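Engineer: Here is a sequence with its predicted model. Questions after.
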There are 2 protein chains.
Amino acid sequence: MKGNLLVGQSGGPTSVINASLAGVYKAAVDIGIETVYGMRYGIDGFIKGKYIDMSDYIKSDLDVELLKRTPSSFLGSCRYKLPALDTDSNDYEIIFNRLNELNIKYVLYIGGNDSMDTIQKLSEYGKRIGSDIAFVGVPKTIDNDLAATDHTPGFGSAAKYIATSVKEIIRDSKVYDIKSVTIVEIMGRNAGWLTAAAALSEGEDSTGPDMIYLPEKSFDTNKFLDRVNALADERHNIIIAVSEGIKSADGSYICDGLDGTKGVDIFGHTMLGGTALTLSGLVGSELGLKSRGIVLSTLQRSAAHIPSGCDVSEAFSAGAAGVKAAVDGMTGIMITFERVSDTPYLMKTGTADINKIANEERLVPSDWILENGLLKKDEITRYIKPLIEGELAPIMTNGLPRHLVIER
Amino acid sequence: MKGNLLVGQSGGPTSVINASLAGVYKAAVDIGIETVYGMRYGIDGFIKGKYIDMSDYIKSDLDVELLKRTPSSFLGSCRYKLPALDTDSNDYEIIFNRLNELNIKYVLYIGGNDSMDTIQKLSEYGKRIGSDIAFVGVPKTIDNDLAATDHTPGFGSAAKYIATSVKEIIRDSKVYDIKSVTIVEIMGRNAGWLTAAAALSEGEDSTGPDMIYLPEKSFDTNKFLDRVNALADERHNIIIAVSEGIKSADGSYICDGLDGTKGVDIFGHTMLGGTALTLSGLVGSELGLKSRGIVLSTLQRSAAHIPSGCDVSEAFSAGAAGVKAAVDGMTGIMITFERVSDTPYLMKTGTADINKIANEERLVPSDWILENGLLKKDEITRYIKPLIEGELAPIMTNGLPRHLVIER
């Protein structure tokens, strides 16, 4: 190989972003790359001089298996956006100097839309200065909103956790012989893929949610209450799944109805939490029904104890495919998933020009979303079901899943 | 056998209350009892004439295995309290008439403190009228607050889910190179056992929570904020576990600080949810630190996809031991767990007079709770660790855990 490899992780954590990292590491070692460096805390950390030699932390095949089962970003992550190429070249000079110092010829970056912006800018800058370094993006996001790919690593495991949890919540909610309304809040500001996955909880042994509301369609509170009221005449227990990001027709978030709970996340963005509590409060005050709001919160993206086997395996493959693409001379691309067939489910990896992906957002098709919180279930099931299939048992020590970590 | 057996489930759901039901059913069938009836929705449903022949629903050993893995109460549950014996005998007459009609000689009731009150009253009434029906309680509660037993079925699996989730949340919270405070709210109005289980997330690969606050000790908001502030000087990410039921020295719930989020549960009790959000808001407003509140909610008691193997096995045994005790002629008792040794962990079942259990509450010893949200970790670990050990893999269909249900 003509040089070393650098890999980074960026954006929000998922249950399988480390499976992609494991795929990158294993493929790089197997292909014969001498040193695999890892950025600490993404490109932001790399600019600050934070990186590791990954072989200091991955010393055996067992470590690779533990890494595949470790949630969150092993290397640490960031949400840093590089400046536009023509405004400020300082970051770029630091980055390329460091890449040259370390003799790095292949840069892999695992992340979502914003992270692909980093790959786009670095490959463009590299072209301008005549660098031969390859920049390849490996997709990652539980939100499943990346363009140019059938789906993204991280989505299947989050979907499996959500469908499993909703199924268990449904069982729990039916325990008493009295009327109740349970509202489960699921992540998704703009894209409803994760919330749609709640539909998968329907099966021979479970009714699934009665209503599912995605952010792609504007939410009408009065129609919602009418529908709950009508359903309450038919059955005891009503289960509703809602995206945190559902909005009224005027564009205001439903969770804005609830004062006092607005927090800010660690980036200072107002958190959307409160949708389930707002609606649960309304069901109580307007309809006089007992109601409970449940927020699945960050466990959706970090519950590596129940990952999708399909997702882990595909995430690993995406990382490995990224290394092969870079070594084969490709740059300015992202690895994609192409669905060969639905039945049986067959998938192959491909590549797409990074310019078609960065900063784009892929939403649930509007014709899959019907009135009254109903979805086209056949389409949802056809699309999501294969992605939650299969298991990867955690490796347990002291009764708990074992993780591979740089620092405790 | 001299007659049939009736079993009921009562109180809140757990991940393993159906493992106890499976233990009752299997032992009853193996011992040669002809018909095993199940109360639908506990004693309340039985009074209303709701019961099933369990063999209509459990038709194979595979069904027994599925039942062991099904969360929530297979038969349905209630929170009905029988009237005092001397005030109103109407319920008792209905119950004993129906028991006699069905030729029932053994009644097993799986539940917590309130449910043991039912066993106490029924056995006392039986004595008064000279009935030969045996009434035996099988313990169940995630809260682990039953007297006269080392621990209760349901606690170990909830503790394992909590320790696993907190461990994953810790991993998730350390992903960025910036300061953050994460507050995890865990069930427990009066007893802090479940919240204490968050301490188990500490290990070779995890720091565990920095602070753990139980409801047994009054909560001082100013000291809490001082401690968070001091810790924020030492480290980037602070993780705090709090019981939903923590109270100020004046007896007011911390969650009362937050208006607008108070819901009522399906029994009309004010829900305590809001403790994590209240504290998270305070950390933001008083200390200017980025903070997030996470509420584990009902999944603590229904996450049967990651049960403790020890707990499932002990819950099954408790059910089976209840049948044996009843057939052996015991009545007015509850099955207990006696810890034979800590290292190695050895346990045996025993029995206790129901009068010593009903309506009692067992709390975390006060000398295990130190200042500043610290616990005596060696005591906590010695006591809880064996209870979360071991796995029982879910039986998966279509990528999700399969359950045994009466109705979807």
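Structural biologist: Arrived safely, thanks for sending.
Engineer: which bits of the stretch 1-150 of chain A sit near chain B?
Structural biologist: A:12-13, A:40-41, A:44-45, A:50, A:70-73, A:76-79 (C-beta under 8 Å from any C-beta of the partner chain). Every C-beta, even on glycine, is put in place using the N, C-alpha and C of the backbone.
Engineer: try 10 Å this time
Structural biologist: Near chain B, the residues belonging to the stretch 1-150 of chain A are A:9, A:11-15, A:17-18, A:40-42, A:44-45, A:48, A:50, A:66, A:70-80 when assessed by C-beta under 10 Å from any C-beta of the partner chain.
Engineer: per-domain residue ranges of chain A.
Structural biologist: Chain A breaks down into these structural domains: A:4-154+A:306-360+A:389-401, A:155-302 (assignment by automatic domain parsing).
Engineer: Surely A:Lys376 and A:Ile384 touch.
Structural biologist: No - contact status for A:Lys376 versus A:Ile384: not in contact, 12.0 Å apart, counting by C-beta atoms under 10 Å.
Engineer: Who has more neighbours out of the two?
Structural biologist: Neighbours were counted for A:Lys376 and for A:Ile384 using other C-beta atoms under 10 Å in any protein chain shown; A:Ile384 has more, 23 against 17.
Engineer: so which helix or strand takes in the more buried one?
Structural biologist: Take DSSP states H and E as the rule and A:Ile384 turns out to sit in helix A:377-384.
Engineer: picking up where we left off before, now do the shared contacts for A:Lys376 and A:Ile384.
Structural biologist: Each of A:Ala196, A:Ala199 lies in contact with both A:Lys376 and A:Ile384 under the rule C-beta atoms under 10 Å, 6 or more residues apart in numbering or on different chains.
Engineer: any bit of the next helix-or-strand element following the helix holding A:Ile384 sitting next to chain B?
Structural biologist: For helix A:377-384, the following helix or strand on the C-terminal side (DSSP H and E) is strand A:396-397. Yes - if you take C-beta under 10 Å from any C-beta as the test, strand A:396-397 does meet chain B, through A:Met396, A:Thr397.
Engineer: Direction included, what does strand A:396-397 pair up with?
Structural biologist: strand A:400-401 (antiparallel) (DSSP bridges).
Engineer: what does the strand it pairs with contact?
Structural biologist: Residues external to strand A:400-401 that are found in contact with it (C-beta under 10 Å, 6+ apart): A:66, A:69-71, A:303-306, A:393-395, B:160, B:163-164, B:166-168, B:171, B:200-201, B:203, B:205-206, B:306, B:385, B:388-389.
Engineer: Tell me which of the residues you listed fall in helices.
Structural biologist: Among these, the members falling in helices (DSSP state H) are A:Leu66, B:Lys160, B:Ala163, B:Thr164, B:Val166, B:Lys167, B:Glu168, B:Arg171.
Engineer: Including neighbour count, pLDDT and distance to B:Asp150, could those residues go into JSON lines?
Structural biologist: Formatted as JSON lines, the ones in helices among the contacts of strand A:400-401 follow (neighbours: other C-beta atoms under 10 Å in any protein chain shown; pLDDT from 0 to 100; distance: C-beta to C-beta, whole Å):
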{"residue": "A:Leu66", "neighbour count": "22", "pLDDT": "98", "distance to B:Asp150": "34"}
{"residue": "B:Lys160", "neighbour count": "30", "pLDDT": "98", "distance to B:Asp150": "17"}
{"residue": "B:Ala163", "neighbour count": "27", "pLDDT": "98", "distance to B:Asp150": "19"}
{"residue": "B:Thr164", "neighbour count": "25", "pLDDT": "98", "distance to B:Asp150": "23"}
{"residue": "B:Val166", "neighbour count": "29", "pLDDT": "98", "distance to B:Asp150": "24"}
{"residue": "B:Lys167", "neighbour count": "29", "pLDDT": "98", "distance to B:Asp150": "25"}
{"residue": "B:Glu168", "neighbour count": "27", "pLDDT": "98", "distance to B:Asp150": "28"}
{"residue": "B:Arg171", "neighbour count": "24", "pLDDT": "97", "distance to B:Asp150": "32"}
